[in-house]
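What would the 3D arrangement of this be:
(chains A and B)
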Amino acid sequence: MKTRRFPPALPILTLLAMLGPVAAGLWGTFLPAFGHLPAAGLSGPSLAPFRDLFDWAGLPRAMLLSISTGIIATSVSLAIVMLVTAGWSGTRPFRVLERLLSPLLSVPHAAAAFGLAFLIAPSGWIARLLSPGLTGWERPPDLLIVQDSWGLTMTVGLIVKEVPFLLLITLAALGQADAQRSVTISQALGYGRLTGWLKTVFPRVYAQIRPPIYVVLAYSMSVVDVAVILGPNTPPTLSVQIVKWMSDPDLAMRLTGAAGALLQLALVIGALAFWRLGEIVAAHVGRRWIAAGRRGRLDVVTAHVALGLGAASALAVLLGLVVLAIWSLAGFWGFPDAFPDQFTFRNWMRFGPGTLEALGETALIAIVVAGVALILTIGCLEAEYRHGLQFSQRGVWLLYLPLLIPQTAFLPGLQTLMLNIGADVGRLPVMLAHLVFVLPYVFLSLADPFRAWDTRMGTIAAALRASPNGVLWRVRLPMLLRPILTALAVGLAVSVGQYLATLLIGGGRVATLTTEAVALASGGDRRAIGVYGLMQTGAALVPFALALLIPAVVWRNRKGLRHG
Amino acid sequence: MDKGLSLRNVTISKGDVPLLSVNHDIGPGEVLTVMGPSGVGKSTLLAFITGTLAQDFEATGEVWLDGHEITHAPPHQRRVGILFQDDLLFPHLSVGANLAFGLAQGGSSRDRLAKVDEALDEVGLKGFADRDPATLSGGQKARVALMRMLLSEPCGLLLDEPFSRLDAALRAQVREMVFDRARARELPVLMVTHDAEDARAAGGVIVTLGR
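Next up, the predicted model:
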């Protein structure tokens, strides 16, 4: 008799939690986009919502912004990461950069965006440090840097956050690509390090990191919080405009918003197809480039430029956090002084109570969601182990699906659907919506270490008469403590950073650090933003520190677990 | 026959490719050595007996242990002990806790501690209970792994190239210890190896698998 304590029901439940809200949300977007919204007394089908959408004068610009920011942010961050890895992997500068970038992964997008704004704005820290000495500016120059109408600053804001993400993904892929030996061989054949890497390792690595790259593209095209903080206003990006329509007191505007959401979805699908086409062209050109046998004369220059860009992107986030900290402690700080006249805790006293309340809400949601995601993930992976199931490549794409569908395409629909069935907005629906985004990241973070566990340990434990559950609880989970806590920290960070899901599904009534911080963007109170931005960063960062610290303390006398 | 490990008409194949077929009884205290080049499915046979055969293999035949058929029993209820070429001590547990993991359930904690200490003493590792297994030498680890397996009171013992990671001097010593203990407890032993020296030292029947 086989005992089946872990029914394959758990994987099905996981898929449901991940894809159910997405499917429901798309349905909820589809109906009002064609004029059907019973809550507002409207029933379709009608094409009026699309007519209204196309009547909006800002539409061409908003669509262009969505496409340009997405494509540019994705290709530039990919290029930086690939060239830095090609030119430097295995060297000291690379390890330094890796150490700098890893913690930055968990910095919420909104905090990084605020930090960048405080750095490069005309009255930002860089201008202050250079003025009046180098620039001669006595007052901030009248330049539109932040929220420029081309969305360039917003694109930069996305790049500095995507570089750490893509770098870590690449590092994980490198482990399986046997990169070092390929580079050694190509160097022996006279190729420069960078050219050799691009010609031999890059094709293998790219095939592995393709899904996360598509995620970056879809995300960059439809991001809302970064666009609210750094993006243009007149008109805003399509996704920001969709949220505006959805938040309009006039319910009829939701029809236009839903039509916009479908358009956003079409744009993302189109861009992904375009990117795929680019891959085919690049593969063709690449093969000819490889066959031509050039050894790479510009390697050294290219590698240095790439390293400089990588370092700049890390510094942009780090210095951004520093300037957030300075503003949070600033008394009077006139332009062009490099530092405030005095440092004070007054801002923290003033905004502290508010942030603590938001922190409580943030933590409650994040802990429940990340905990549930962790349990589902372990259940799935354990079921896979016990039943000898194998995840196909298609299964992996299912994991990425909720991250590939633009948030602005299905979250508004989910909100509308809840409105139609009369469900209450609030904390629980927000948690379910967070779970959609948290689950894939927790799963992707834990899957590799969980599967890499030596299953002979399980055979031995079973031979020692430990039951399957005994093996799981007494051997496998303790041995995997570190990756489990890391996956939990990833889940917490993803939940803490959620903006749109909290805003739309919470109906504005669930106030987390992220929604509060982004809401401050329009007011421009830099001290308040400094306090909220830092709290938000801390909420995402502290779990990672604990994920490193706890296993180090618990297993301090266990040498065999120090690197696992 | 009652006591011992019997493989009755066991065949294992992968897809349509037959890998091996074995039909053999191993009496108490006897050793059956299965030899053959790597890749013929020696370890697969052991996985079939422990109940951990991967799903892409197909097996027919029966496994009997001490008069019970265990072909379809869950791995943890088969009472088949196994040692691999790696010690596979649980890295998160102390040496003593590793042994206690193996020790059959029941008894007061003082009794259990005493049994663990006794087992350590038996292999010359007195006072090692609180040590981190990662700090032990290769020979010490092998001894702990053996005692851990014996404490679980198995009715049969499988050895999967158990000595191939040990250096020559240690190898003979550990080998002798394993076979002595198995004989003393009257355990049927099935060993797979590609080392002729191991096979000779085992002193039992040798079956060679090959294509």
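
Could you list the residues of chain B in contact with chain A?
On the criterion CB under 8 Å from any CB of the partner chain, chain A has as its neighbours in chain B the residues B:47, B:50-52, B:54-55, B:72, B:74-82, B:84, B:86, B:88, B:90-92, B:94, B:101-102, B:104, B:132-135, B:148-149, B:152, B:154. For glycine as for every other residue, the C-beta is placed from the backbone atoms N, C-alpha and C.

List the contacts of B:Glu161.
Applying CB atoms under 8 Å, 6 or more residues apart in numbering or on different chains, we find B:Glu161 in contact with B:Phe84, B:Gln85, B:Val192, B:Thr193, B:His194, B:Asp195.

Quick one: those as JSON lines, columns for distance to A:Leu428 too.
Formatted as JSON lines, these follow (distance: CB to CB, whole Å):
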{"residue": "B:Phe84", "distance to A:Leu428": "48"}
{"residue": "B:Gln85", "distance to A:Leu428": "52"}
{"residue": "B:Val192", "distance to A:Leu428": "56"}
{"residue": "B:Thr193", "distance to A:Leu428": "60"}
{"residue": "B:His194", "distance to A:Leu428": "60"}
{"residue": "B:Asp195", "distance to A:Leu428": "62"}
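
Narrow these to those that are buried.
Restricting the contacts of B:Glu161 to buried positions leaves B:Phe84, B:Gln85, B:Val192, B:Thr193, B:Asp195, with burial counted as 16 or more other CB atoms under 10 Å in any protein chain shown.

separation between the third one and A:Pro402?
According to CB to CB, to the nearest Å, B:Val192 stands 47 Å off from A:Pro402.

what does the fourth one give?
When distances are taken as CB to CB, B:Thr193 and A:Pro402 turn out to be 50 Å apart.

Helices of chain B, residue ranges please.
Shown for chain B, the helices assigned by DSSP state H span residues B:42-50, B:95-102, B:109-122, B:138-151, B:168-184, B:196-202.

What score does the nearest residue to B:Val174 once chain neighbours are set aside have for pLDDT?
Across the structure, with CB to CB, 6 or more residues apart in numbering or on different chains as the measure, the residue nearest B:Val174 apart from its sequence neighbours is B:Ala142 (4.9 Å). At B:Ala142, the predicted lDDT confidence score is 93.

Could you measure from the closest residue to chain B within the stretch 251-400 of chain A over to B:Glu58?
Residue nearest to chain B within the stretch 251-400 of chain A: A:Gly388 (3.9 Å; CB to the nearest CB). In this structure, A:Gly388 lies at 13 Å from B:Glu58, with CB to CB as the measure.

Next: A:Val224.
To B:Glu58, A:Val224 is 54 Å away according to CB to CB.

Pick out whichever of the two has more residues nearby.
Taking other CB atoms under 10 Å in any protein chain shown, A:Val224 and B:Glu58 do not tie; A:Val224 has more neighbours (25 against 14).

how far away is the more buried one from B:Met177?
68 Å.

Over to B:Pro91?
In this view, B:Pro91 and B:Met177 are 23 Å apart by CB to CB.

Let's check: the centremost residue of chain B is which one?
The central residue of chain B, meaning the one whose C-alpha is nearest the mean C-alpha position (CA atoms, centre = their mean), is B:Ile82 at 2.5 Å.

Who is that one paired with across the strands?
Residues found in beta-bridge contact with B:Ile82 (criterion: DSSP bridges) are B:Leu158.

And the helices in the stretch 51-200 of chain A, which stretches?
Listed from the start of the chain, the stretch 51-200 of chain A has helices (DSSP state H, counting those that start in this stretch) covering A:59-88, A:92-104, A:109-120, A:125-130, A:152-174, A:179-188, A:193-200.

just the ones you listed: most buried one?
helix A:109-120 (a mean of 27; mean count of other CB atoms under 10 Å in any protein chain shown).

ok, for the residue of chain B found nearest chain A, nearest residue in space, not its chain neighbours?
In chain B, the residue found nearest to chain A is B:Pro91; the distance is 3.0 Å by CB to the nearest CB. In this structure, B:Pro91 finds its nearest non-sequential neighbour in A:Gly560, 3.0 Å apart by CB to CB, 6+ apart.

Please report phi then psi for that neighbour.
The phi and psi torsions at A:Gly560 (degrees, to the nearest 10) take the values phi -70, psi -10.

Please look at it and B:Ala134 and confirm they touch.
Yes: A:Gly560 sits in contact with B:Ala134 when judged by CB atoms under 8 Å, with a separation of 3.8 Å.

Overlap of the contact sets of these two?
With the criterion set as CB under 8 Å, 6+ apart, the overlap between the contacts of A:Gly560 and B:Ala134 is B:Pro91.

Between these two, point out the one with more neighbours.
Each of A:Gly560 and B:Ala134 has its neighbours counted (other CB under 10 Å); A:Gly560 has more, 17 against 14.

Quick one: residues contacting that one.
Taking CB under 8 Å, 6+ apart as the definition of contact, the neighbours of A:Gly560 are B:Pro91, B:His92, B:Asp132, B:Pro133, B:Ala134.

Try it again at 10 Å.
With contacts defined as CB atoms under 10 Å, 6 or more residues apart in numbering or on different chains, A:Gly560 is in contact with A:Met479, B:Leu89, B:Phe90, B:Pro91, B:His92, B:Leu93, B:Asp132, B:Pro133, B:Ala134, B:Thr135.

And it, how close does it get to A:Met479?
9 Å.

which residues are common contacts for those two?
In terms of CB under 10 Å, 6+ apart, A:Gly560 and A:Met479 are both contacted by the residues B:Phe90, B:Pro91, B:His92, B:Leu93.

Surely A:Val228 and A:Ala521 touch.
Yes: with contact taken as CB atoms under 10 Å, A:Val228 and A:Ala521 are classed as touching, separated by 5.4 Å.
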